[in-house]
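# okay, structure incoming, though there's no sequence with it:
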C-alpha cells in the first residue's frame, strides 16, 4: 500500500494543472462541442501523459530533494517505471480513438519527454537543448496536437491563431526556468547543467520576465488581429497579481538568495497557473 501511495505521489497529478493553460488556449480557437473526443483529449494529456512523464522523470532522476509540486519525494522504484510505461501505452491507444494523426503527435511527445529524462540520452543536461525541447513540446506542440485531434489544420487559417499558438510556448518558457532556479546544487550533483544554472539567479528572473513579455506581445497581436483587444486588457488585469508577485519575489531574491527556494517557487507557479487558467476559462465562456 505504501508503495502505491508513493507512486501516486511521484506521478504528481496536481502538476498537470500547471500545463492546463496550453490546452485551454487551443480550445479558445477550437471551440469544441462537449463530447467523447474532448474528454479523451483532457484525459490523455492531463491524467495519463503528463503524470506518466513526471513518473518517468522521477525514476531516472532518483530525486532526494524537492521537485515540482512535491517537497519531499519518496524513493522511485521499478514499479513506477512499469506504471509510467502502461500509462503511455494507454494514452497512445486512446489517441487512436480520436484519429491516427493525433495518436502520432502524442507518441512523438512521449518520445521527446523520455529522451529529455532518460539516463542514456538525457537531453535535460544540455541547457539550451533541454529548454528548447520543453519550449516546443509543452507549448505549441500540445496546441497543434489538440487542433489536429479536435478540429483540422484548416483552423490555422483563422485570424490571430498563429501568434496565439506561438504564445503558448512562451508561456511555458516563462515558467520553466523558474522550476530550475532553486535546484542548482542538486542538478550540479546530478551532472545536469540547466539553463537557470547557465544564466544564474538574476539571469533566470530576467529570462522569465522576457518570455512573459514575448507571450503577452503575441497575445496582443492575436487579439488585435481578431478585433478583440479587450481580451488583452482583461489578461493584464487577471494576471496582475502573479506579475506583481514575480517582481516582488525577484527583488527580494536579488537581495537575499535564501528567498530562492522551493516554497516561493511553488507560490509563483500555483498563483500564475490559477490565474492563467481562470483567464482562458473566462475567454472560453465569453468568446
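Done, it's in. What you see is a predicted model; the values in this text were computed from it and never measured.

# in the stretch 51-200 of the chain, which spans are helices?
Per DSSP state H, counting those that start in this stretch, the stretch 51-200 of the chain carries helices over the ranges 78-95, 100-117, 127-135, 141-150, 161-180, 184-189, 195-225.

# comparing those by mean pLDDT, which bottoms out?
Among the helices of the stretch 51-200 of the chain, helix 184-189 carries the lowest mean pLDDT, a mean of 80.

# buried sites along that one?
Within helix 184-189, the residues scored as buried using 16 or more other C-beta atoms under 10 Å are 184, 186, 187. Bear in mind the C-beta positions are built from the backbone N, C-alpha and C, glycine included.

# out of the residues you listed, which comes closest to residue 130?
Taking C-beta to C-beta as the measure, residue 130 sits nearest to residue 187 out of the buried residues of helix 184-189, at 10.5 Å.

# for the closest residue to the closest one other than its chain neighbours, what are phi and psi?
Of all residues not flanking residue 187 in the chain, residue 194 sits nearest, at 5.4 Å (C-beta to C-beta, 6 or more residues apart in numbering). Main-chain torsions, residue 194, degrees, to the nearest 10: phi -80, psi 170.

# how about residue 194, what does it touch?
Applying C-beta atoms under 8 Å, 6 or more residues apart in numbering, we find residue 194 in contact with 124, 127, 130, 180, 183, 184, 187.

# same question for residue 26.
Going by C-beta under 8 Å, 6+ apart, the list of residues near residue 26 reads 142, 143, 146, 147, 150, 165, 168.

# if you set the cut-off to 7 Å instead, what comes out?
143, 146, 147 (C-beta atoms under 7 Å, 6 or more residues apart in numbering).

# format the residues you listed as CSV; extra columns: neighbour count.
Shown next, in CSV, are these (neighbours: other C-beta atoms under 10 Å):
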residue, neighbour count
143, 23
146, 26
147, 23
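
# tell me the one of those nearest residue 37?
Nearest member of the contacts of residue 26 to residue 37, counting by C-beta to C-beta, is residue 146, at 10.2 Å.

# mind telling me what element the residue nearest to that closest one when sequence neighbours are not counted is part of?
Closest residue to residue 146 apart from its sequence neighbours, by C-beta to C-beta, 6+ apart: residue 26 at 3.9 Å. In the assignment (DSSP states H and E), residue 26 maps to helix 16-30.

# how far out from the middle of the chain is that helix?
Using C-alpha atoms, centre = their mean, to the nearest Å, the mean C-alpha position of helix 16-30 is found 10 Å from that of the whole chain.

# which of the residues in the helix or strand just after it are buried?
Sequence-wise, the next helix or strand downstream of helix 16-30 (DSSP H and E) is helix 36-43. Buried residues in helix 36-43, counted by 16+ other C-beta under 10 Å: 37, 38, 40, 41.

# name the nearest residue to the last one, sequence neighbours excluded.
Just to be clear, that refers to residue 41. Spatially, and ignoring its direct neighbours in sequence, residue 41 is nearest to residue 149 (5.5 Å; C-beta to C-beta, 6+ apart).

# buried set for the one helix or strand residue 245 maps to?
Using DSSP H and E, residue 245 maps to helix 229-255. Judged by neighbour count (16+ other C-beta under 10 Å), helix 229-255 contains these buried residues: 231-232, 234-235, 238-239, 242-243, 245-246, 249-250, 253.

# all set now, cheers.
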